[in-house]
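**Student:** build the 3D model from these lines:
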Amino acid sequence: MAIVSRTHKQVAAYDTIYEGLKKQDREMVNKGLEMHHAFLTDIRQLFAKMWKYSAPVSYLNFRTFIMGITGNDDIFPNGVIYEGCFDNKP
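**Tutor:** Down below sits the predicted model:
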């Protein structure tokens, strides 16, 4: 959740980069790259904080649940079936 709450910064950086490319404005592209670097730095610090306050040994206990299938035979004894998702063929 903490990571997702920051993704708007990444989108803003990409928007700035793409707009700069469209306008052929090197300063705008550089600004977008700086914004992207700041976003990645923020995320890296967030990951470091998450690992500091979590128990890496237990990570797969909750991450597998988030992912849904592997290791959750009690919840999904037949796996997960996505019905109707791939019915429309191009």
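
**Student:** alpha carbons only for contacts and neighbour counts from here, please
**Tutor:** Noted.

**Student:** quick check: mean pLDDT of stretch 49-59?
**Tutor:** Averaging pLDDT along stretch 49-59 gives 75.

**Student:** does residue 3 touch residue 45 like I think?
**Tutor:** No. Counting by Cα atoms under 8 Å, residue 45 is not a contact partner of residue 3; they are 10.7 Å apart.

**Student:** now do the helices in this structure.
**Tutor:** Taking DSSP state H as the test, the helices found in the chain are 7-23, 26-52, 59-67.

**Student:** go through these and name the closest to residue 85.
**Tutor:** Proximity to residue 85 (Cα to Cα) singles out helix 59-67 among these, at 17.7 Å.

**Student:** got JSON lines for the helices of the chain, with distance to residue 83 too?
**Tutor:** Putting the helices of the chain into JSON lines (distance: least, Cα to Cα, whole Å) gives the following:
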{"stretch": "helix 7-23", "distance to residue 83": "30"}
{"stretch": "helix 26-52", "distance to residue 83": "35"}
{"stretch": "helix 59-67", "distance to residue 83": "18"}
